[in-house]
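Colleague: curious how this folds, go ahead:
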Amino acid sequence: MTAVFRLSDLTLRASSGRVATLGLTFSEFEVLATLRGFPSAARLTPGELSAAILLTSGGLTKVLRTLEEKGLVLRPDGAADRRSKPVALTAKGRRLVEKAMAEILRADTELIEGAIASRELETLNRLLAKALDAAERDAEERNSP
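Modeller: Residues are numbered from 1 along each chain as shown. Below is the predicted model of the structure:
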């Protein structure tokens, strides 16, 4: 597991560097990427976003304010409580997150390319998915009443 943690750390550092060149923090990228995973008309509450990316509500508030100032997300008026004010990705935000995702894929490829043959990488992906699935099932069982 130490190797998995270390590889995760190295890939996160490489990804953070790539999104930084686009003017984003990694937390900002995570919010944009989460919103990108939904239909373009979808709006998520800050609570839903916070749960999806494991960011505190205070941290998320700051990130959302910055993304809104940059024109990457919209927070339509109407809700008196900003904590429940829905968040939507703008066209500009969608273009930027697509570019960021391409950069992260490029960084990941550069990190792994040459170190692992494509067939080995397929095996690794399959085994990691299997381990993750078992760990998630176990976590769900522990948290269910």
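
Colleague: can you tell me which residue is nearest the centre of this structure?
Modeller: Closest to where the C-alpha atoms of the chain average out (Cα atoms, centre = their mean) is Glu30, at 3.1 Å.

Colleague: who touches that one in this structure?
Modeller: Listed by Cβ atoms under 8 Å, 6 or more residues apart in numbering, the contact set of Glu30 reads 53, 55. For glycine as for every other residue, the C-beta is placed from the backbone atoms N, C-alpha and C.

Colleague: and the contacts of the helix or strand Glu48 falls within?
Modeller: Per DSSP states H and E, Glu48 falls inside helix 46-53. Contacts to helix 46-53, defined as Cβ under 8 Å, 6+ apart, come from residues 27, 30-31, 34-35, 44, 55-57, 60-61, 64, 82-85, 87.

Colleague: so which of those are in helices?
Modeller: Using DSSP state H, the subset of the contacts of helix 46-53 located in helices is 27, 30-31, 34-35, 57, 60-61, 64.

Colleague: just the strands in the protein please.
Modeller: Per DSSP state E, the chain carries strands over the ranges 73-74, 88-89.

Colleague: got those as CSV, with distance to Arg6, mean neighbour count and mean pLDDT columns?
Modeller: Formatted as CSV, those follow (distance: least, Cβ to Cβ, whole Å; neighbours: other Cβ atoms under 10 Å; pLDDT from 0 to 100):
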stretch, distance to Arg6, mean neighbour count, mean pLDDT
strand 73-74, 33, 20, 93
strand 88-89, 33, 22, 91
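
Colleague: need these in TSV (columns: distance to Val19).
Modeller: Shown next, in TSV, are the strands of the chain (distance: least, Cβ to Cβ, whole Å):
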stretch	distance to Val19
strand 73-74	16
strand 88-89	16
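
Colleague: correct me if wrong: Arg18 contacts Arg106.
Modeller: Yes. Using Cβ atoms under 8 Å, Arg18 is in contact with Arg106, at 7.2 Å.
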